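1. what's the 3D shape of this:
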Amino acid sequence: MKYWYLIHSKPKDEKLAQDNLERQGYETYLPLILGRTKKRGKTTKSILPMFPRYLFIHLSDQTDDWGPIRSTLGVSSLIRFGATPAKVPDNLIKTLKHNENSQGIHELISEPLSPGDKLLIVEGPFEGYEATLFSQKSDDRVIVLLKIAENFVQVKLEQSLIEPLR
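-> Numbering: from 1, shown residues only. Just a heads-up that it's a prediction; the model follows:
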């Protein structure tokens, strides 16, 4: 009987671990999301692992050879609880796969913004500034309040340039 297990990868090597495990004949699953990365001061949307440093592997405890897994390039370890490898419920994997779009990416639904919400501007001339949502003009435009020189200034921005402040 095959079960899903959890692999811990080396930092930023989830895809490398997946490729090398699949090259050896193992079945793996790496859930992906659309996120933001910053490179050379520019924020861009990119496809990222849903669970950084983790991916799933489908193994039989009877017939599969587990020996090569730990020494696979990109793999740090197999997650264990004590001496037993941690099994992941099948319905979790099924749910994750079911919620992917046609490109195999999870589209995380962001909570709707409301006036007064604290925001962080993630790109553009005001990058790094904290702001307060004043109003939402449409699905892609917002007006935020920025505190500049002890005064609040209204600034219109594209919604893609802001993130809720956590």
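
2. Residue 38: what's it in contact with?
-> Listed by Cβ atoms under 8 Å, 6 or more residues apart in numbering, the contact set of residue 38 reads residue 44. Using the backbone N, CA and C atoms, a C-beta is placed for each residue, glycine as well.

3. where's it, which helix or strand?
-> Element membership of residue 38, judged by DSSP states H and E, is strand 32-39.

4. what's near enough to touch the residue nearest the centre of the chain?
-> Nearest residue to the geometric centre of the chain (Cα atoms, centre = their mean): residue 50, 3.4 Å. With contacts defined as Cβ under 8 Å, 6+ apart, residue 50 is in contact with 31, 32, 33, 96, 106.

5. For the residue lying closest to the fourth one once chain neighbours are set aside, report the pLDDT, please.
-> Among residues not flanking residue 96 along the chain, residue 31 sits closest, at 5.0 Å (Cβ to Cβ, 6 or more residues apart in numbering). If you check residue 31, the pLDDT there is 94.

6. taking the mean pLDDT, what do you get for the helix or strand harbouring residue 142?
-> Taking DSSP H and E as the criterion, residue 142 maps to strand 141-148. Strand 141-148 carries an average pLDDT of 83.

7. to the chain's geometric centre, what's the distance from it?
-> 27 Å (Cα atoms, centre = their mean, to the nearest Å).

8. What is the burial count for residue 85?
-> Using other Cβ atoms under 10 Å, residue 85 has 19 other residues around it.

9. what's the answer for the one 3 residues further on, then?
-> Residue 88 has 19 neighbouring residues, counting by other Cβ under 10 Å.

10. Chain neighbours aside, what residue packs nearest to it?
-> residue 4 (4.1 Å).

11. what do you get for residue 26?
-> That would be residue 57: by Cβ to Cβ, 6+ apart, it lies 5.7 Å from residue 26.

12. which ones are touching the closest residue in space to the residue nearest to the centre of the chain that isn't next to it in sequence?
-> In space, not counting the residues next to it along the chain, residue 50 is nearest to residue 31; the distance is 4.0 Å by Cβ to Cβ, 6+ apart. Contact analysis of residue 31 by Cβ under 8 Å, 6+ apart lists 49, 50, 51, 96, 100, 106.

13. Many thanks, I have nothing further to ask.
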